[in-house]
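In: Show me how the following folds:
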Amino acid sequence: MEFLALLAGIGVVAAAPLVPSLRPTAKKVVAGGLVVAERTRNIVAVAGEQWADLVAEAKAERDAEAEARAAAVETIEITIPEE
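Out: Predicted coordinates:
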């Protein structure tokens, strides 16, 4: 999406010498592309943090379950009487 906006902006800037009134439009298109890029970066950063939290929680639960299973194992002592 941002690539298309930047590409359109470049096209308008390239045509700007031929049509001087296109320069303000080019600046608006590029500015819009920059806004989209910044918002996309923020969304990806938040999603990455949430993913890392989810993975950490899953690992913690898995470790807790393994510890609970290990603690649940009983040791049985068998004594053999001497004859």
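In: element containing residue 37?
Out: Using DSSP states H and E, residue 37 maps to helix 22-72.
In: by contact count, what packs against that helix?
Out: Counting contacts by 3 or more Cβ pairs under 8 Å, 6 or more residues apart in numbering; DSSP states H and E, helix 22-72 packs against helix 2-15. For glycine as for every other residue, the C-beta is placed from the backbone atoms N, C-alpha and C.
In: buried residues in stretch 25-39?
Out: Neighbour counts using 16 or more other Cβ atoms under 10 Å place 25, 26, 29, 30, 33, 36 of stretch 25-39 among the buried residues.
In: Nearest to residue 65, out of those residues: which one, please.
Out: Taking Cβ to Cβ as the measure, residue 65 lies nearest residue 36 of the buried residues of stretch 25-39, at 43.1 Å.
In: Would you mind giving me the confidence score for the closest one?
Out: The predicted local distance difference test score for residue 36 is 84.
In: Also residue 75?
Out: The score at residue 75 is 66. That number is its pLDDT.
In: For the remainder of this discussion, apply numbering that starts at 34.
Out: That works, and once the first residue is 34, the last one we named lands at residue 108.
In: Report the central residue of the protein.
Out: In the chain, the C-alpha nearest the mean C-alpha coordinate belongs to residue 81, at 2.7 Å (Cα atoms, centre = their mean).
In: Give me the distance between that one and residue 47.
Out: Taken as Cβ to Cβ, to the nearest Å, the spacing of residue 81 relative to residue 47 amounts to 36 Å.
In: related to what we said a few turns ago, could you dump the buried residues of stretch 58-72 to a markdown table with distance to residue 116?
Out: Putting the buried residues of stretch 58-72 into a markdown table (distance: Cβ to Cβ, whole Å) gives the following:
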| residue | distance to residue 116 |
| --- | --- |
| 58 | 104 |
| 59 | 102 |
| 62 | 97 |
| 63 | 96 |
| 66 | 91 |
| 69 | 87 |
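In: Which member of those residues is positioned nearest residue 95?
Out: Compare each of the buried residues of stretch 58-72 with residue 95 using Cβ to Cβ and the shortest gap goes to residue 69, at 38.5 Å.
In: Distance of that closest one relative to residue 42?
Out: Residue 69 sits 12 Å away from residue 42, taking Cβ to Cβ as the criterion.
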